[in-house]
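Asker: Coordinates only, no sequence provided:
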């Protein structure tokens, strides 16, 4: 490994040096004229870097590159060849990847869909399986690292990622696509654009995919639908309606101990098993989250315009897991034959979780409705000044509960509920005695279409049942001054959030107090119990301010400096303590200070960018999870302080026209550490608190993202309409994802090489074409660990080491060699 690393670095230095002595091309920024070709309407609320004269650190991936290289991978993988980006979780299953930008996880990076914020309202997280259709409908993906160009009152601490969806195309045409890949993956897509006919234009797309997954027990299936209808009312007003969704289900692999992988192979997964000849899984994600947008663009006059997007989204689905007495075979897989046998025996005739009787597969459901509006007014005040003002309004209602997904031979499932009083303390009597219970005979298969229309009563919900209402209102403004060789801007935003929690499971409602509830045990409630389903309502204010300046140095060079301050409200999940209605007294706004500077150079053949950044973050909350002996626990660190600083460099080089190849590359070096002391809270999957303690984390390394990354890509034209390309990436200084700790475990460095071949053939005389694409990822079939979820030091576990890591540690190996072939017919 050491020799490979040395050879890799020598190659990178040589090729980077070669690029520096050459001259360059246009960089990967998105040309605004090109944007107009893919966005017919709604561009006014999409804050791309090109819309502002003062620069930011940015990388843009165009639709042609997405279609060429993405293959069967998540849309997140389009960003891996950019600085300070790390994608983990590939071994979990379809759509289970995560992105870290400058060391900050997904809940601290802002994700925008055509100008609409799409981070989860409760916790800021992203679940890419919900957005699996993005591969088909994204025209542009732009990542703005650091402070970014967004004007909304969002905390783009790591950065901002803009997804610009395929909109109503101006030209008539379409395509049909068929794709094949390793592990029985199949995909078919059909898309058609009517083109602009009079005042109307319509585009639609439909797609289906399915596959067995790279790891054992990670099969999946899904569809994508997309519809966009544009209408030009007159010269001043335009409308566009857009609808898209990607219902899917996929089975999951949780990180295992390294010694398990070494014994059973890198693809090992013990979350599944057989019932006779029938495959079954304990861990399946299923979800359907359609999105609806209505865009209105109004060109008021030559100097002002108003852009508005109204949007709505509804989410229905969840994830499954085991509940009760799990039985495994000698290989560690779930023994469903034995489970059915036990459940059908006398002792398992009526499952009772409190008495540890029987086993069911449960589904943790997340059902929500979300509506919002983003409005932006732009006014050109004079030749030098441009003013933007706008509003961002959202309201969200979410329901969280568990149901039985499969009884596995049982007829019913019973749970005795530990009731909480108004001081949030549990009230019980006897060994299992309670004042409230549930006995359910209803189940629902883990299917996104079933979940879309399903409704459940409270006496059919197990483990927990709580809802929340979150309302958000923000206003923002930006003033930018531009002259021939100088630009400066100020941007400010303020927002108000309102939170309330409704717990229907742990607390008594009036029917339980009256004894008329179907969940009543018949035992009189103790004194002092009152109707307490509703929590205290919590309102908080947040704001941010950003300013910057850029100078045109002449001779194709530019420099910029930006600074920002955020006071970010805590997420809903951190406001209420220990999954109860009790307000967390430690919750306060998180404060972020960002500083960045950059230099860019662009000439006809060569462009390069160098960026420096420093981000300090105080009073934040960090969450991680671990699986040990089938028990999942979550650790939350409160009062965390982090300092992230680093340098980034990227370049693109296109030699002269007679040299048929292009080069691009990047290097990013980060130093990301925790500071001070934190308060830790450990809870289980049922939201019960296991432990609370304080710890010193000063100087501890931030995990789950490589702090050193480097990459090099080449695209070679081998013949007319035939090309070859390859990307190599190197990762180092990657630490375990265990939250805020003082002594973290470093993961061995690794590198990955991807390659592809493209061939284009024209069909007929109408410009129709057939494009054939082959991708091979991890060509060398390198074996590497790309994620750890424990930090057991060498010798503290089972004493056996793998590449210097104790094999008792849990995590994922990266995927081995994979391939995919796609045929795309354009008409």
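Answerer: That came through fine. Computed from a prediction, not measured in an experiment: that's the story for all the values here. Residues are numbered from 1 along each chain as shown.

Asker: Could you report the neighbour count for the nearest residue to residue 773 once chain neighbours are set aside?
Answerer: Closest residue to residue 773 apart from its sequence neighbours, by CB to CB, 6 or more residues apart in numbering: residue 822 at 4.6 Å. C-beta here means a position set from N, CA and C on the backbone, and glycine is covered the same way. Using other CB atoms under 10 Å, residue 822 has 22 other residues around it.

Asker: gap between residue 822 and residue 68?
Answerer: 9 Å (CB to CB, to the nearest Å).

Asker: Now do the shared contacts for those two.
Answerer: By CB atoms under 8 Å, 6 or more residues apart in numbering, residue 822 and residue 68 have these common neighbours: residue 773.

Asker: pLDDT below threshold where in the stretch 501-650 of the chain?
Answerer: 623-632 (pLDDT under 70).

Asker: hmm, back to that, would you mark the buried spots in the helix or strand that contains the residue nearest to residue 773?
Answerer: Taking DSSP states H and E as the definition, one finds residue 822 inside strand 818-826. Within strand 818-826, the residues that count as buried by 16 or more other CB atoms under 10 Å are 818-820, 822, 824-826.

Asker: Now do the helices in the stretch 301-450 of the chain.
Answerer: 336-344, 448-453 (DSSP state H, counting those that start in this stretch).

Asker: same thing with the chain?
Answerer: Counting by DSSP state H, residue ranges of the helices within the chain are 2-20, 32-38, 63-69, 134-137, 258-264, 336-344, 448-453, 510-514, 572-575.

Asker: Return the distance of the closest residue to residue 63 other than its chain neighbours relative to residue 64.
Answerer: Spatial nearest neighbour of residue 63, chain neighbours left out: residue 139 (4.4 Å); criterion: CB to CB, 6+ apart. Distance, residue 139 to residue 64, using CB to CB: 10 Å.

Asker: which one of those two has more residues nearby?
Answerer: Using other CB under 10 Å, the more surrounded residue of residue 139 and residue 64 is residue 139, with 20 against 9.

Asker: Check whether that one really touches residue 166, as I assumed.
Answerer: Yes - between residue 139 and residue 166 there is a contact under CB atoms under 8 Å: 5.0 Å.

Asker: I'd like the helices of the stretch 301-450 of the chain written out as a markdown table, with mean pLDDT and distance to residue 385 added.
Answerer: Below are these laid out as a markdown table (pLDDT from 0 to 100; distance: least, CB to CB, whole Å):
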| stretch | mean pLDDT | distance to residue 385 |
| --- | --- | --- |
| helix 336-344 | 94 | 69 |
| helix 448-453 | 95 | 49 |
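
Asker: Count the residues that sit near residue 87.
Answerer: Quick note: residue 87 (other CB under 10 Å) scores 19 neighbours.

Asker: Next, count neighbours for residue 597.
Answerer: 16.

Asker: which residues touch residue 616?
Answerer: Residue 616 neighbours (CB under 8 Å, 6+ apart): 592-593, 641-644.

Asker: again, only using 10 Å
Answerer: Counting by CB atoms under 10 Å, 6 or more residues apart in numbering, residue 616 makes contact with 591-595, 641-645, 675.

Asker: do residue 422 as well
Answerer: The contact partners of residue 422, by CB under 10 Å, 6+ apart, come to 507-508, 528-532, 581-582.

Asker: and the contacts of residue 616, which are buried?
Answerer: So, by 16+ other CB under 10 Å, the buried ones in the contacts of residue 616 are 592, 594-595, 641-642, 644-645, 675.

Asker: Distance to residue 562 for these - can I get that in JSON lines?
Answerer: Formatted as JSON lines, those follow (distance: CB to CB, whole Å):
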{"residue": "592", "distance to residue 562": "13"}
{"residue": "594", "distance to residue 562": "8"}
{"residue": "595", "distance to residue 562": "8"}
{"residue": "641", "distance to residue 562": "22"}
{"residue": "642", "distance to residue 562": "19"}
{"residue": "644", "distance to residue 562": "15"}
{"residue": "645", "distance to residue 562": "15"}
{"residue": "675", "distance to residue 562": "23"}
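
Asker: List just the nearest of the residues you listed to residue 669.
Answerer: Comparing the buried ones among the contacts of residue 616 against residue 669 with CB to CB places residue 645 closest, at 9.7 Å.

Asker: doesn't residue 614 make contact with that closest one?
Answerer: Yes - using CB atoms under 10 Å, residue 645 makes contact with residue 614 at a distance of 4.3 Å.

Asker: Nearest to residue 375 among the contacts of residue 422?
Answerer: residue 581 (34.6 Å).

Asker: number of nearby residues for that closest one?
Answerer: For residue 581, the neighbour count with other CB under 10 Å is 21.

Asker: Likewise for residue 680?
Answerer: Considering only other CB under 10 Å, residue 680 is surrounded by 19 other residues.

Asker: repeat for the one 3 residues further on
Answerer: Other residues within reach of residue 683 by the criterion other CB under 10 Å amount to 20.

Asker: okay, which residue is most central for this structure?
Answerer: By CA atoms, centre = their mean, the chain has its centre lying nearest to residue 126, at 3.1 Å.

Asker: Distance of that residue relative to residue 256?
Answerer: 24 Å.

Asker: just residue 220 next, same as before
Answerer: From residue 220 over to residue 256 the distance is 19 Å, taken as CB to CB.

Asker: again, but for residue 394
Answerer: Residue 394 is 39 Å from residue 256, by CB to CB.

Asker: So which of those two has more stuff around it?
Answerer: residue 256 (23 against 20).

Asker: Can you name the residues that contact the more buried one?
Answerer: By CB under 10 Å, 6+ apart, the contact set of residue 256 is 91, 215, 263-264, 268-271, 332, 627, 789, 810-813.

Asker: pull the helix or strand with minimum mean pLDDT from this structure.
Answerer: Ranked by mean pLDDT, DSSP states H and E, the weakest helix or strand in the chain is helix 2-20, scoring a mean of 41.

Asker: hmm, back to that, when you check the buried ones among the contacts of residue 616 against the strands, which ones overlap?
Answerer: Among those, the members falling in strands (DSSP state E) are 592, 594-595, 641-642, 644-645, 675.

Asker: Report all helices and strands that the strand holding residue 822 contacts.
Answerer: On a contact count with 3 or more CB pairs under 10 Å, 6 or more residues apart in numbering; DSSP states H and E, strand 818-826 meets helix 63-69, strand 172-181, strand 185-194, strand 750-763, strand 768-777.

Asker: Also compute the angle for the last one relative to strand 818-826, please.
Answerer: In this case it means strand 768-777. 170 degrees (axes from the mean of the first three to the mean of the last three CA atoms, to 10 degrees).

Asker: still on that earlier bit, could you check how far the residue nearest to residue 773 is from residue 93?
Answerer: From residue 822 to residue 93 the distance is 21 Å (CB to CB).

Asker: cool, residue 115 as well?
Answerer: From residue 115 to residue 93 the distance is 30 Å (CB to CB).

Asker: ok, now residue 510?
Answerer: Distance from residue 510 to residue 93, by CB to CB: 43 Å.

Asker: Those two: which has the busier surroundings?
Answerer: Each of residue 510 and residue 93 has its neighbours counted (other CB under 10 Å); residue 93 has more, 26 against 11.

Asker: ok, now which ones touch that one?
Answerer: Contacts of residue 93 by CB under 10 Å, 6+ apart are 129, 213-215, 217-220, 250-254, 269, 271, 283-285.

Asker: ok, back up a step: just checking, the residue nearest to the centre of the chain touches residue 100?
Answerer: No - Residue 126 is beyond contact range of residue 100, at 11.5 Å (criterion: CB under 10 Å).
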